[in-house]
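# Show me how the following folds:
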Amino acid sequence: MSVQPQSASAYERVGWLLRQWRTVAGGAELRRLQPFAALLTEQGHRADASRVSRWESGRLRVPVPVIESYESLLGIERATLVALAEGVARSFGERVPARDTEPSGPATYAEARELVLAADARGADWFEWAGWVTQTPKRLPEGALDDVEALAPRLVSESARAVGIGYGTRFEALRRLIDVPDLRTVVMRAVGAHVIASDAQATLAPIMLIADVHAEKAVDTLITLLTQPSAQMQLGAVWGLRRKLVRLEVSPRALAALEAQLAQMLFDATDEATLIRAANLIDVMPPAVAERLRRVRPALFAGRSRGPASSAANRAAAHATAIRAVAARIEAISGRDLDAVGRAIVEDAYHADDHDLRHQSALILSRSPFAPAIAEVLIEQTHPPRAADGATSLMPYLAGKPERDALVARLQRPDVDARPTLIALAHTGGGPVPGNADFLSATDVGVRKAALYLAGMQQDPLLRKLVKDPDADAAQRAGACWWLEHGGRVADGE
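The predicted structure follows:
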């Protein structure tokens, strides 16, 4: 079952991305299907204009070797599109692209292993190593189980801190591994060790992996994480549980436990964030259960915030304006109208209720040839004092060094919501951000946590001062220690 009713399938979205790269990055000649099909044929694929058209329209599931040829022919970082295609398919509950009989990349398992043992291993190296490990699930390469045991903690830590192209390849490498029963327990031990540490930071991505485990214990773990003080843990648990509920992977016993936990959350709720997290799950629960939960504190739902616009009509107009701005930039670059699949991707990246759908749509945009132009639009749409609904959450996916100066300057404004700006800056390059010390001592807890995340991801020297500061909050000191131990953002190619 897919994450929620779709206006475009996983393979329509993957095909759309392949078509954009071919027509935008391939030059005038490759805008035509036949010349590109001829190039694919030269690389050993059965390809003609009709078959390429079916791959790019999503009518035919595109295999991994063909996606790899798109990467090599169009100058795209290896494994980037393959990992994204696998991720979209897994999150939508569809079959992942078919792999070749032999893993891609390194010629032997030993070579793949050597690449990930290197200190500068890239996400593509991890992804291809995982491909070798899982190519024949019932017959692992010699020594592979021991290698996964030794390397999984590092891969989990790197995936938690990775940004840009390195995030998708590392995360999907982990998803490849947990698809294999003999490796699942090993990887989940590493995930558990990362998440349950008292000073754990950057926990969102590892928690999302728990949702890929088809076991009742995984649901129980996610319910437990709802009670943790960390906002990242709570958010990851909500997103994971929503996927489990939509895919009908929650047993009656676990559903009763989840209902009890959500009722307690609603009863104790004193902030909008808790309400939004609870409501995100209640929206996809069985109707009778959802109605009981809404009756716990009906006034909360009656007064639930509906974003910056005061009416449904205003909200719809604001959404349409934001979408049109992105569509216009895409059309200016591609020279064509944005089709229905492309529009669905943009709309879902901004406004989808389901995290998997919003996350995967945002990743598609960030891996598209339009990413730099979309980042410019987002800077405009998030300019204080009012941000376009949905644009703020998209910023960390697309912001890079070109957007850094605008984001840094934004922090000086008295009317800015500092937290999302700090988080976006954590994902850009450029090192420590001037003035972050002020936010580390802010009265707002959420701002302090975002400032610590920024300091950690950018490995700010403030971390060492924070560790030794007797007046600093104990949780901040512990978090600073964690960041110094694990390191900062992992960005391939910088």
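# Ala110 and Val116, how far apart?
For Ala110, the distance to Val116 equals 11 Å [Cβ to Cβ, to the nearest Å]. C-betas here are computed from N, CA, C, even on glycine.
# More neighbours: which of the two?
Using other Cβ atoms under 10 Å, the more surrounded residue of Ala110 and Val116 is Val116, with 20 against 12.
# How about the contacts made by that one?
125-126, 129, 151, 155 (Cβ atoms under 8 Å, 6 or more residues apart in numbering).
# what about 10 Å?
Neighbouring residues of Val116 by Cβ atoms under 10 Å, 6 or more residues apart in numbering: 106, 122, 125-130, 147, 151, 154-155, 173.
# can I assume Leu338 is in contact with Ala328?
Yes - under the criterion of Cβ atoms under 10 Å, Leu338 makes contact with Ala328 at 8.6 Å.
# Please compare these two by neighbour count and tell me which comes out ahead.
Leu338 (21 against 13).
# backbone phi and psi for the more buried one, please?
Dihedral pair for Leu338: phi -70, psi 120, per degrees, to the nearest 10.
# do Val238 as well
According to degrees, to the nearest 10, Val238 has phi -60, psi -50.
# go on, the one 4 residues further on?
The phi and psi values for Arg242, taken as degrees, to the nearest 10, are phi -60, psi -40.
# Now for it, how many residues are close by?
By other Cβ under 10 Å, neighbour count at Arg242 equals 24.
# can I assume it is in contact with Leu262?
No - using Cβ under 10 Å as the test, Arg242 is too far from Leu262 to be in contact (12.0 Å).
# where's the most centrally placed residue in the chain, which helix or strand?
Centroid-nearest residue in the chain, with Cα atoms, centre = their mean: His359, separated by 5.0 Å. Using DSSP states H and E, His359 falls within helix 355-366.
# What's the first helix or strand after that helix?
That would be, after helix 355-366 and using DSSP H and E, helix 371-381.
# Give me the helices and strands touching the very next helix or strand once past that following helix, please.
Next in sequence after helix 371-381, counting helices and strands by DSSP H and E, comes helix 391-398. Counting contacts by 3 or more Cβ pairs under 10 Å, 6 or more residues apart in numbering; DSSP states H and E, the secondary-structure elements packed against helix 391-398 are helix 312-334, helix 340-351, helix 355-366, helix 371-381, helix 418-427.
# Now the following helix or strand past helix 391-398: buried residues?
The helix or strand immediately downstream of helix 391-398 is helix 401-410, counting by DSSP H and E. For helix 401-410, a neighbour-count test (16 or more other Cβ atoms under 10 Å) marks 403-404, 407-408, 410 as buried.
# what is in contact with Arg242 and Leu262 at once?
Common neighbours of Arg242 and Leu262 (Cβ under 10 Å, 6+ apart) are 277, 281, 285.
# Narrow the residues you listed to those in helices?
Those of these mapping onto helices are 277, 281, per DSSP state H.
# between the shared contacts of Arg242 and Leu262, which is closest to Ala320?
Nearest to Ala320 among those: Arg277, at 27.2 Å, using Cβ to Cβ.
# so who does the nearest residue to that closest one once chain neighbours are set aside touch?
Nearest non-adjacent residue to Arg277, counting by Cβ to Cβ, 6 or more residues apart in numbering: Val238, 4.7 Å away. Contact analysis of Val238 by Cβ under 10 Å, 6+ apart lists 207, 222, 225-226, 262, 276-281, 355.
# Which members of the residues you listed are classed as buried?
207, 222, 225-226, 262, 277-281, 355.
# And the residues you listed, which is closest to Val24?
Nearest member of the buried ones among the contacts of Val238 to Val24, counting by Cβ to Cβ, is His355, at 28.5 Å.
# and the nearest residue to the closest one once chain neighbours are set aside, what pLDDT?
Among residues not flanking His355 along the chain, Trp239 sits closest, at 3.8 Å (Cβ to Cβ, 6+ apart). For Trp239, the pLDDT comes out at 89.
# Kindly report the same for Gly429.
pLDDT at Gly429 comes out at 87.
# Skipping its backbone neighbours, what lies nearest it in space?
Lys401 (4.7 Å).
# pLDDT score for Pro308?
pLDDT recorded at Pro308 is 40.
# ok, now Ala299?
Note on Ala299: pLDDT of 72.
# what about it, neighbour count?
7.
# From the recorded domain assignment, give the ranges for this protein.
10-91, 211-305, 311-385, 399-494 (automatic domain parsing).
# Tell me how confident the model is about the first one, as a mean pLDDT.
The one in question is domain 10-91. 94.
# Span of it from start to end?
9 Å (Cα to Cα, to the nearest Å).
# Next: the last one.
With Cα to Cα as the measure, the first residue of domain 399-494 is 15 Å from its last.
# How far off centre is that domain?
Centroid displacement of domain 399-494 relative to its chain, using Cα atoms, centre = their mean, to the nearest Å, is 20 Å.
# what's the answer for the second one, then?
Here the centre of domain 211-305 is set off from its chain's centre by 20 Å, with Cα atoms, centre = their mean.
# before we move on, back to that, of all pairs in the contacts of Val238, which one spans the longest distance?
The span of those, defined through Cβ to Cβ, is set by Ile207 and Ala279 at 19.5 Å.
# give the contact list for Pro461.
For Pro461, the contact set (Cβ under 10 Å, 6+ apart) comprises 431-432, 455.
# Phi, psi for it please.
phi -60, psi -20.
# do you know how far it is from Ala119?
22 Å.
# Same check on Arg324?
Distance, Arg324 to Ala119, using Cβ to Cβ: 46 Å.
# Likewise for Gly105?
Distance, Gly105 to Ala119, by Cβ to Cβ: 19 Å.
# Between those two, tell me which one has more neighbours.
The neighbour comparison of Gly105 against Ala119 (other Cβ under 10 Å) goes to Gly105, with 17 against 4.
# Run the chain-centre distance for stretch 27-45.
On the basis of Cα atoms, centre = their mean, stretch 27-45 sits 32 Å off its chain's mean C-alpha point.
# Could I get the CA-only coordinates of it as PDB?
What follows is stretch 27-45, C-alpha atoms only, in PDB (Å, rounded to 0.1, in the frame of the first residue of the first chain):
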ATOM      1  CA  GLY A  27      21.800  19.400 -24.800                       C
ATOM      2  CA  ALA A  28      19.700  20.000 -27.900                       C
ATOM      3  CA  GLU A  29      20.500  16.700 -29.500                       C
ATOM      4  CA  LEU A  30      19.300  14.600 -26.600                       C
ATOM      5  CA  ARG A  31      16.000  16.400 -26.300                       C
ATOM      6  CA  ARG A  32      15.000  13.900 -29.000                       C
ATOM      7  CA  LEU A  33      14.300  10.400 -27.800                       C
ATOM      8  CA  GLN A  34      16.000   8.500 -30.600                       C
ATOM      9  CA  PRO A  35      19.500   9.800 -30.200                       C
ATOM     10  CA  PHE A  36      19.400   9.100 -26.500                       C
ATOM     11  CA  ALA A  37      18.000   5.600 -27.100                       C
ATOM     12  CA  ALA A  38      20.900   5.000 -29.400                       C
ATOM     13  CA  LEU A  39      23.400   6.000 -26.700                       C
ATOM     14  CA  LEU A  40      21.600   3.600 -24.300                       C
ATOM     15  CA  THR A  41      21.800   0.900 -26.900                       C
ATOM     16  CA  GLU A  42      25.600   1.400 -27.200                       C
ATOM     17  CA  GLN A  43      25.800   0.800 -23.400                       C
ATOM     18  CA  GLY A  44      24.200  -2.600 -23.800                       C
ATOM     19  CA  HIS A  45      20.500  -1.800 -23.100                       C
END
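# Pull out the buried residues from that stretch.
By neighbour count with 16+ other Cβ under 10 Å, stretch 27-45 contains the buried residues 30-31, 33, 36-37, 39-40, 45.
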